[in-house]
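Novice: Need coordinates for the below:
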Amino acid sequence: MKRLLFSLLCIINFALCINLNAQEKEFRASWVATVWNIDWPTTKISKEGNATQIAAQKAELITIIERAKQGNLNAIMLQVRSHGDALYESSYEPWMSSLTGTRGTNPGYDPLAFAIEEAHKRGIELHAWINPYRIGEYSINAPQVKDSWRIGSGSTAFLDPGNPDVRKLTLDVITEIITKYDIDGIIFDDYFYKSMPDNAYAANETQQTTANNPYNLDINDWRRENVNILIKSVLDSVKAHKPYLRFGIGPFGIYSTKTRYVYNESYTSSDKITPASGISGQDAYSALYCDAAAWLKRGYIDYISPQLYWPSLSTSPKYSSGQDYETLCNWWSDLAKKYSRPLFTSNDVAENSGGRFNPPADITNQVNVNREDNKATGMIFYNNSYWQNRDGKNTYFNSSDEGYFTYLPEHHFHHIALWPSISWRRAPSAPDLTNLSLDKNQHTLTWDCSKENYRFAIYCYDKELSQSKGCVPENLLGITYSTEFNTLKYNDLYEGKIWNVKIVDRYGNIYSGAKIETDEPQNPTSISTTLSTSALPIYNTPNGIRIELEKRSKISIYNINGQVVYKKTANSPININNLPKGMYIIQIDNQTQKVII
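Specialist: Numbers count the residues shown, from 1 in each chain. Have a look, this model is predicted:
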């Protein structure tokens with residue numbers, strides 16, 4: 001009786017969790033910081049072209065991408081410009097010192113091209129993370145950049161956002177990345193103006209004129225408008241060259257602690273923006289001179305990813321009601337929805353200032369907060385070293401074999417998710433998918449597509465299911481950027497199944513593709529006549545047979561004549577409620593048990 005009650009409770013709990021766990025579209029990513037070698041690489045190349053050191057850097061990057069795949073992430077935000085430098089072969093700026101230890105030294109390969117190739121092999125998007133202004137203590141080391149453009153000193157120094165030449169350089173850099181590399185998006189973080197005098201000019205700062213301040217803004221609003229001008233130009237470049245790229249920004253997590261008015265581009269109309277109740281501390285509007293509400297109102301960005309790096313639970317270390325995660329998430333969600341753009345929160349899993357950081361229980365709560373009423377349709381985790389628990393540095397986990405790449409699939413990211421679509425930009429018409437074929441000997445699923453530059457989602461499900469019921473997250477085997485999919489891992493699904501390949505364009509839109517049915521087994525399947533000596537996780541409930549699974553398992557059910565009446569491979573609990581009364585043998589992998597219904 002207790003076992004039956006437990007089974008019923010599991011079923012109820014499972015049903016309640018379906019909406020939270022089976023996310024068909026959800027942006028899941030990690031910030032991968034290259035500045036100061038925070039996340040990558042840990043090995044530096046001492047001499048250009050050193051094969052051993054290049055191989056070590058590549059192996060580290062592959063581990064990052066592999067663990068992203070294992071954790072059911074679908075995107076990586078790779079920092080390619082941190083201080084007016086480049087993680088790639090740039091026509092404008094020197095090589096990043098993180099690669100070799102010396103600014104301007106060629107590592108002997110193109111890390112960005114390599115990262116894109118490896119990510120796409122695994123069905124993962126690669127976004128270029130760019131710092132538009134930061135220069136820090138580094139020498140400019142680029143002939144087209146003038147040292148007089150620098151504002152401030154030390155590690156917080158940046159290039160003047162009000163200088164048209166700075167904006168042109170930044171746009172040229174970004175446009176080269178867009179046109180040269182097969183990236184999936186561009187993202188800025190929270191670094192804009194920094195440590196500026198209020199209502200006064202800083203040394204080297206461009207000053208206002210009638211020409212550069214046509215709306216007669218005060219100096220603080222004018223600085224914010226300078227940032228707006230660059231962001232609009234980046235959007236224009238994206239739309240002109242590759243309109244399917246996703247352009248987003250990750251600003252500081254508190255917009256403002258005062259009521260503000262956000263204006264349209266011509267400053268002819270405005271909206272009143274009230275602050276989040278009870279929130280205090282530094283804000284992006286005043287301290288960094290950036291106006292995220294304006295980017296959303298004017299349609300300059302495709303998503304907003306505020307850095308909500310504070311806890312959501314009062315029991316978590318460093319919790320403060322003045323920076324409560326849930327309050328801030330609700331506020332940003334309302335703002336994003338007001339202007340018809342998605343919220344992808346940035347979430348902290350790193351140790352900060354030598355203190356404790358968000359524990360897994362808090363990250364669990366943050367996922368649940370995001371998914372409630374679709375407040376946020378994505379998450380970007382900072383930073384990757386703590387996310388994957390590199391070298392065991394995340395002390396919330398017992399070993400480096402555990403981390404959020406194991407925790408999230410177990411608790412929240414149970415299945416692969418597709419990307420939310422960029423529905424506000426017109427996508428080309430869908431291509432045709434033909435010649436779908438499964439080669440069981442070569443373990444490959446292949447097809448032809450009438451157009452290039454598409455991705456594909458591969459589903460496999462039981463024949464009795466309709467396409468709408470079969471093409472669901474739990475049956476999504478993988479995503480590929482090519483017209484071929486390796487099926488060796490799924491060779492137990494070769495018989496009696498439907499294989500369905502759907503088209504996913506670079507905007508994130510999903511189109512019907514093609515499907516094939518595989519034959520039933522030619523000969524009756526032999527089953528072991530030896531029953532398991534220990535009880536298998538099989539429960540005979542009023543709602544049918546309930547099978548609890550902790551890992552991917554092959555399930556077969558036979559009637560008393562030895563005929564297969566049910567067959568499925570699954571990695572999560574399943575219910576079977578369509579079997580007539582009688583005796584059955586249930587086989588889970590190599591173990592069997594008799595059940596009477």
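Novice: list the contacts for residue 491?
Specialist: By Cβ atoms under 8 Å, 6 or more residues apart in numbering, residue 491 lies in contact with 440, 443. Yep, even glycine has a C-beta here, placed from its N, CA and C like the rest.
Novice: Name the SS class of it, please.
Specialist: helix (DSSP: H, G, I helix; E, B strand; the rest coil).
Novice: Kindly report the same for residue 176.
Specialist: Assigned by three-state DSSP, the conformation of residue 176 is helix.
Novice: My understanding was that it contacts residue 91; is that so?
Specialist: Yes: counting by Cβ atoms under 8 Å, residue 176 touches residue 91, with 5.9 Å between them.
Novice: neighbour-wise, which of those two wins?
Specialist: Higher neighbour count among residue 176 and residue 91: residue 176, with 17 against 10, using other Cβ atoms under 10 Å.
Novice: pLDDT wise, what is the closest residue to residue 392 other than its chain neighbours at?
Specialist: For residue 392, ignoring the flanking residues on the chain, the nearest one in space by Cβ to Cβ, 6 or more residues apart in numbering is residue 400 at 4.3 Å. Predicted confidence (pLDDT) for residue 400: 89.
Novice: Could you do residue 415 as well?
Specialist: Value for residue 415, per-residue pLDDT: 95.
Novice: doesn't residue 386 make contact with the residue nearest to residue 392?
Specialist: No: using Cβ under 8 Å, residue 400 is not in contact with residue 386, being 11.6 Å away.
Novice: Which one of these two is surrounded by more residues?
Specialist: A direct count of neighbours by other Cβ under 10 Å for residue 400 and residue 386 places residue 386 higher, at 25 against 13.
Novice: Show the model's pLDDT score for the more buried one.
Specialist: 95.
Novice: check contacts around it.
Specialist: Contacts of residue 386 (Cβ under 8 Å, 6+ apart): 349-351, 357, 393-394, 403-404.
Novice: so which of those residues comes closest to residue 216?
Specialist: Distance to residue 216, by Cβ to Cβ, is smallest for residue 350 among the contacts of residue 386, at 43.0 Å.
Novice: Got phi/psi on the closest one?
Specialist: Residue 350 adopts backbone torsions of phi -100, psi 160, taken as degrees, to the nearest 10.
Novice: Count the residues that sit near it.
Specialist: Counted with other Cβ under 10 Å, the neighbours of residue 350 add up to 20.
Novice: ok, now residue 504?
Specialist: The number of residues packed near residue 504 is 21, by other Cβ under 10 Å.
Novice: Against residue 299, how distant is it?
Specialist: Look at residue 504 and residue 299: by Cβ to Cβ, to the nearest Å, they are 24 Å apart.
Novice: Low-confidence bits of the stretch 51-200 of the chain, can you list those?
Specialist: Applying pLDDT under 70 to the stretch 51-200 of the chain picks out residues 140-144.
Novice: my read: residue 162 touches residue 225, true?
Specialist: No: contact between residue 162 and residue 225 fails when scored by Cβ under 8 Å: they sit 9.1 Å apart.
Novice: Residue 515 against residue 467, yeah?
Specialist: Yes: judged on Cβ under 8 Å, residue 515 makes contact with residue 467 at a distance of 7.0 Å.
Novice: Next, show the common contact partners of those two.
Specialist: Residues touching both residue 515 and residue 467 by Cβ under 8 Å, 6+ apart: 498, 500.
Novice: what about these two, which has more around it?
Specialist: A direct count of neighbours by other Cβ under 10 Å for residue 515 and residue 467 places residue 515 higher, at 18 against 13.
Novice: of the contacts of residue 386, buried ones?
Specialist: 349-351, 357, 394, 403-404 (16 or more other Cβ atoms under 10 Å).
Novice: Turn these into CSV, including distance to residue 554, pLDDT and secondary structure.
Specialist: Below are the buried ones among the contacts of residue 386 laid out as CSV (distance: Cβ to Cβ, whole Å; pLDDT from 0 to 100; DSSP: H, G, I helix; E, B strand; the rest coil):
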residue, distance to residue 554, pLDDT, secondary structure
349, 35, 95, coil
350, 39, 92, coil
351, 42, 81, coil
357, 40, 78, coil
394, 34, 92, coil
403, 28, 95, coil
404, 29, 96, helix
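Novice: How far does stretch 269-277 sit from its chain's centre?
Specialist: 29 Å (Cα atoms, centre = their mean, to the nearest Å).
Novice: End to end on it, go ahead and measure it.
Specialist: 25 Å (Cα to Cα, to the nearest Å).
Novice: for it, what is the average pLDDT?
Specialist: If you average the pLDDT over stretch 269-277, you get 97.
Novice: same check, this time on stretch 361-377
Specialist: Per-region confidence: stretch 361-377 scores 97 on mean pLDDT.
Novice: For the longest helix seen in the chain, list every residue counted as buried.
Specialist: In the chain, with assignment by DSSP state H, the single longest helix is helix 219-241. Within helix 219-241, the residues scored as buried using 16+ other Cβ under 10 Å are 219, 221-235, 237-238.
Novice: What sits closest to residue 259 if chain neighbours are left out?
Specialist: Nearest non-adjacent residue to residue 259, counting by Cβ to Cβ, 6+ apart: residue 274, 5.2 Å away.
Novice: Perfect, I'm done here.
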